[in-house]
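Asks: Here is my input; please provide its structure:
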Amino acid sequence: MSEFGVIPDATFERPIPRRRALAWLVAPIAGALAAALGWPIARYLAPLAGAAGARFVEFPASEIAVGDSKRFLIGGRPAIVVRTAQGVRAYWGSCTHLGCLVSWRRGRSDFFCPCHGARFDANGRVLGGPASAPLAPLVVEESGDRVLVRAI
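Replies: Residues are numbered from 1 along each chain as shown. Predicted structure coming up:
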C-alpha cells in the first residue's frame, strides 16, 4: 500500500494511441504494395542486367523482312536487329540515356525509347530526346540465308 492507502495497479498501461495503431497496420500494407508495384518497374528499367547467356545469336535471314526488327538476348542482355534497304544492323536494346528498352518504329524508320522520348536513326545515331550517345552496335555477319549477331 502507498501512503495514501491505494494499492498501485501494476497491470495498468496507457492505451496505444489510435494514430500509432493505425500506422502499425498501414505501414506493412503500404510497404508490400510499394514492393509489388516497384519490382516490375525496376525490372523494366534495368532488364536482365546480370543474366548470363550465349554471346551470339543466329537465325534465318527470312525471319526479318525489310523494315522489320527482331528482339533477342545476347549474354542475357536485350538486343535488337533491324533490316533496312541498306542491310542488317544490330544494337544493344537499351537506351543510352537511362537504359530503358528501345523499340523499332517501322513507319518512321527509327528507334524510340518510351521512357523519355529519345529517338535514334537506323544507324543508331541520336535524332532527339535526352540521350547524348548513339546506340551501342553489335557485329552482324550475313552468310547465305543465315544472320549471325554477336557482341563486340
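Asks: And the nearest residue to residue 111 once chain neighbours are set aside, what's its pLDDT?
Replies: Of all residues not flanking residue 111 in the chain, residue 120 sits nearest, at 4.1 Å (C-beta to C-beta, 6 or more residues apart in numbering). Placement of C-beta: from N, CA and C, glycine included. At residue 120, the pLDDT value in this model is 96.
Asks: Assumed residue 34 was part of a strand.
Replies: No: assigned with DSSP: H, G, I helix; E, B strand; the rest coil, residue 34 falls outside any strand and is helix.
Asks: Measure how buried it is and give me the count.
Replies: 10 (other C-beta atoms under 10 Å).
Asks: how far away is it from residue 27?
Replies: 11 Å (C-beta to C-beta, to the nearest Å).
Asks: Could you do residue 109 as well?
Replies: From residue 109 to residue 27 the distance is 50 Å (C-beta to C-beta).
Asks: neighbour count winner among those two?
Replies: Applying other C-beta under 10 Å to residue 109 and residue 27 shows that residue 109 carries more neighbours, namely 13 against 10.
Asks: In contact with the closest residue to that one other than its chain neighbours, which residues?
Replies: Among residues not flanking residue 109 along the chain, residue 122 sits closest, at 5.9 Å (C-beta to C-beta, 6+ apart). Going by C-beta atoms under 8 Å, 6 or more residues apart in numbering, residue 122 touches 82, 84, 86, 89, 109, 110, 111.
Asks: repeat that for 7 Å
Replies: Listed by C-beta atoms under 7 Å, 6 or more residues apart in numbering, the contact set of residue 122 reads 82, 84, 89, 109.
Asks: Could you spell out the sheet neighbours of the lengthiest strand in the chain, each with its direction?
Replies: Assignment by DSSP state E gives strand 77-84 as the longest strand of the chain. According to DSSP bridges, strand 77-84 forms sheet pairs with strand 69-74 (antiparallel), strand 87-92 (antiparallel).
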